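[1] model this:
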Amino acid sequence: RIVVATMGLAAGINFSLRTVALAGESYQRDQSEQPLRADELLQMFGRAGRRGIDEIGYVLVAGNDIRLHEAHSGHLSRSALVDWSTLLGLMRSAALQGREPFESAVQAQQRLFTSKPIWLGVEASLKSSQMACGLKTDAERARHVRRRIREFRNSQGDWELFRLLQPCPAGSAMTPAGLNDASSRPTSFARMVPALTSSIVAEKLGFGALEIVQEVEGLRLHGRALTVADVLPDERLVLTKWTRRLTGWTRREARAGLWESDLAPLLSRKLSEKKLPVLRYERRGFRMLAILNLAEQPIQCLVDAQGVAIWNPETRDKQPEDCSLCPQADECRGLSAATGVAMLWRRLGLVDARGVPTLRGQVVGVLPQGDGLAVAAALEEEDYPIEQLLYDLADLDAGFRFCGDENRWAGRLAAACHKAYGLQSIPGYLENGVPPRYGSGAEQVVEAAHKNPGSKTRWVRPNLGLGDIDRIIIEWRSFLRQISHASAIDWPRWKALQALAKAVLFETESPTLTDLPPLDYTQTKRIDHRLDLRRTSWR
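    All right, here's what the predicted structure looks like:
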């Protein structure tokens, strides 16, 4: 007399409901609340009285503000998602037949019924002749032509590729001649001189007053001058605070003899440990100065092919060599660098540069959506047992119900996906690196049910009913059936998975398979759908 059911009952089961009442205006999907769409309301209200079966049907209006006029059909439109499996399968066939894979995919997309074309991101490349770079996707071409190659001029005046900076002693580093201030820059190749001839370099090193401390082959090298003490008229020295702290000297004053014999050697040793060796001590008026050599101080330099460390060399940015000679470079600059479908395939390793599907792409080409990505990632791990993977496949459609309080994204299959795809999110295919409906915990249920079908009830929990368990077993067996009937792939681990899936399907059966009673006469008799307009009254 009464049927309490989810909205799935309105999907087209052929029996009448005299009266329909909707309990709520939304339903829960995974862990979010989804409002009922207008076409879903129309489908559920349509269960009230079937033409040819019932003469009248009723809809009860509850207190949830759902009204009959809110139910109407939706606008039919094609999904904007691209069917990767179909296109990758076509591309594989095209490659085997010696045809252009990307061109076959574009032609298939153009034959689809849609008012708004869906671009794969290779259309412009297919119109062009062979490019020097050999790239087939529009986004790759656009990014390649925009890429800049940075070079620096080495000690011989030649250009080299820019590389990582390395710490080098300032005394062994060179710099272009004439670089005396921050704004100067040689307009052409200049000979190399020691980096310490530049005040810009010296200002970055050590501490103290900057001054010329040496002259080598006519080149004046910079260093530092530090005040270490004030000299009193009686030749006693009043040590500066930093000198006392560095040497551990407890008294403020020291006589000249003690300075020469003990303090000066001790201070020189301490400064040498900081890579600031003392060249000499000088008395200037009433101050005692330490003249420091900066040659051992490290600075970040580029080391060229000759092993010469160069500080702040001349640099330039240029476009790739193949683009500089390619007549289609201007066309590439006008392309969008946004990631398209073909670029996603390349990033995920589903196709090679020519568009031929890889082993990973072939698996995705025979299995639906993100499930194929997960299976391919698992098969690539040679130490992932096929027997374990078989049960882990149940997690692909488990959602949040089977994990309980544990991590939903746990499990060996999720780890394989993260290793292969990182944390990428692609609508309909990946969510943080795993298929969107993934949920751990279901593999234990299906394994136990496979070994002992009567053990299903012990897995029932407040948030996990027997219907959920039956559903996941049905989905799992359906996926095994897809694998067993999928196209052959020349990959031993794929063949092993197919063989094991066939064996398990032979051993198990659907948990809801049952013998239905025969239909009675009222269910099998012919229904007269004719309308008698003479008895119809019009207003």
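[2] what's the spacing between the longest helix along the chain and its chain's center?
    Longest helix of the chain, by residue count under DSSP state H: helix 466-484. How far helix 466-484 lies from its chain's middle: 30 Å, per CA atoms, centre = their mean, to the nearest Å.
[3] Can you tell me what sits against whichever helix or strand comes after it?
    Once helix 466-484 ends, the next helix or strand along the chain (criterion: DSSP states H and E) is helix 492-507. Defining contact as CB atoms under 8 Å, 6 or more residues apart in numbering, one finds that helix 492-507 is touched by 363, 375, 379, 382, 386-387, 389-390, 450, 477, 480-481, 483-484, 486, 488-489. From N, CA and C alone the C-beta is placed, and that goes for glycine too.
[4] for stretch 105-119, same thing?
    Applying CB under 8 Å, 6+ apart, the contact partners of stretch 105-119 are 77-78, 80, 82, 86-87, 90-91, 120, 122-123, 126, 340-342, 355.
[5] Could I get the phi/psi values of the most far-flung residue of the chain relative to its centre?
    For the chain, the residue at maximal distance from the C-alpha centroid (CA atoms, centre = their mean) is D234, at 74.0 Å. Note on D234: its backbone torsions stand at phi -90, psi 20 [degrees, to the nearest 10].
[6] The residue nearest to A338 when sequence neighbours are not counted: which element?
    In space, and not counting its chain neighbours, A338 is closest to A139: 6.5 Å by CB to CB, 6 or more residues apart in numbering. Per DSSP H and E, A139 falls inside helix 138-146.
[7] Give the other helices and strands that that helix contacts.
    helix 123-127, helix 329-333, helix 341-347 (3 or more CB pairs under 8 Å, 6 or more residues apart in numbering; DSSP states H and E).
[8] The most centrally placed residue in the chain: what's it in contact with?
    By CA atoms, centre = their mean, the chain has its centre lying nearest to Q424, at 3.6 Å. Q424 makes contacts with R347, L348, L430, N432, G433, as judged by CB under 8 Å, 6+ apart.
[9] In the residues you listed, find the pair that's most separated.
    For these, with distances taken as CB to CB, the pair at the greatest spread is R347 and N432 (15.8 Å).
[10] how many other residues sit next to the nearest residue to T227 once chain neighbours are set aside?
    Closest residue to T227 apart from its sequence neighbours, by CB to CB, 6+ apart: R287 at 5.2 Å. By the measure other CB atoms under 10 Å, the count of residues near R287 is 15.
[11] tell me the pLDDT at R287?
    On the pLDDT scale, R287 is placed at 92.
[12] L497 too?
    L497 is given a pLDDT of 95.
[13] So what does Q107 have for phi and psi?
    Torsion angles, degrees, to the nearest 10, at Q107: phi -60, psi -40.
[14] in stretch 159-171, what counts as buried?
    E160, C168, P169, A170 (16 or more other CB atoms under 10 Å).
[15] which residues in the stretch 101-250 of the chain form helices?
    If DSSP state H, counting those that start in this stretch is used as the criterion, the helices of the stretch 101-250 of the chain fall at 101-110, 123-127, 138-146, 199-203, 241-247.
[16] What ranges in this protein fall below the confidence cut-off?
    Scanning the chain for pLDDT under 70 picks out 12-16, 30-31, 78-81, 113-115, 129, 178-190, 510-514, 516, 523, 527-539.
[17] can you tell me which residues contact the closest residue to L239 other than its chain neighbours?
    Closest residue in space to L239, ignoring its immediate chain neighbours: A229 at 4.9 Å, by CB to CB, 6+ apart. A229 makes contact with L237, V238, L239, T240, T243, A254, W259, R287, M288, according to CB under 8 Å, 6+ apart.
[18] for E381, same thing?
    A416, K419.
[19] What distance do you get for the residue nearest to W159 when sequence neighbours are not counted to G8?
    Once flanking residues are discounted, W159 sits nearest to E151: 4.4 Å by CB to CB, 6+ apart. E151 is 64 Å from G8, where distance means CB to CB, to the nearest Å.
[20] picking up where we left off before, buried ones from the contacts of stretch 105-119, can you make that a ChimeraX selection?
    Buried members of the contacts of stretch 105-119, defined by 16+ other CB under 10 Å, are picked up in ChimeraX with:
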select :82,87,90,91,120,122,123,126,340,341,342,355
